[in-house]
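*Asks:* here are the coordinates; sequence isn't available:
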């Protein structure tokens, strides 16, 4: 991964570190992750000729309409010729107990955001703090598995 940015909270930092390790050593088909600082930087990275179709693009603390997400991942979808046809986005939320599921209002707000993301054709993965502390590698692998299945149009 080409960045030292890690996220705002310990569980975000844990997932970021696990993603780096899984991509580097975990036997997943995602071979490279690029960190984009903002939308303009993302566009420049995507236009570079040397990145591979088995790459993902990751941004942290991305402001969407009405809320900020912990991570936003862009993954290419390939056509039958193996060229990039379009991009899919995965919203990744690291839900610590203090800010998620503690009250009914917090849970309702999260579900409302998930529906908004779905309407915008984004997929949402929510990992609890307990999941991330127990097995961050599994969480990171699930993210990479999503990107792999998206690449070949399987989801």
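*Replies:* On my side now, so go ahead. Keep in mind that this is a model prediction, so the values were computed, not measured.

*Asks:* and the strands in the chain?
*Replies:* For the chain, the strands defined by DSSP state E occupy 32-35, 55-64, 67-78, 84-95, 122-128.

*Asks:* what's the last one packed up against?
*Replies:* Translated: strand 122-128. strand 84-95, helix 104-119, helix 136-151 (3 or more CB pairs under 8 Å, 6 or more residues apart in numbering; DSSP states H and E). Where C-beta positions appear, they are placed from N, C-alpha and C, glycine not excepted.

*Asks:* redo the strands of the chain as JSON lines? Include distance to residue 140 and mean pLDDT.
*Replies:* Converted to JSON lines, the strands of the chain look like this (distance: least, CB to CB, whole Å; pLDDT from 0 to 100):
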{"stretch": "strand 32-35", "distance to residue 140": "10", "mean pLDDT": "86"}
{"stretch": "strand 55-64", "distance to residue 140": "11", "mean pLDDT": "92"}
{"stretch": "strand 67-78", "distance to residue 140": "11", "mean pLDDT": "93"}
{"stretch": "strand 84-95", "distance to residue 140": "10", "mean pLDDT": "93"}
{"stretch": "strand 122-128", "distance to residue 140": "10", "mean pLDDT": "96"}
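
*Asks:* adding mean neighbour count and distance to residue 22 as columns, could you present the ones you listed in CSV?
*Replies:* Shown next, in CSV, are those (neighbours: other CB atoms under 10 Å; distance: least, CB to CB, whole Å):
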stretch, mean neighbour count, distance to residue 22
strand 32-35, 18, 10
strand 55-64, 19, 11
strand 67-78, 20, 13
strand 84-95, 19, 13
strand 122-128, 18, 14
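
*Asks:* columns distance to residue 44 on top of those strands, output as JSON lines?
*Replies:* Converted to JSON lines, those look like this (distance: least, CB to CB, whole Å):
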{"stretch": "strand 32-35", "distance to residue 44": "10"}
{"stretch": "strand 55-64", "distance to residue 44": "11"}
{"stretch": "strand 67-78", "distance to residue 44": "13"}
{"stretch": "strand 84-95", "distance to residue 44": "15"}
{"stretch": "strand 122-128", "distance to residue 44": "22"}
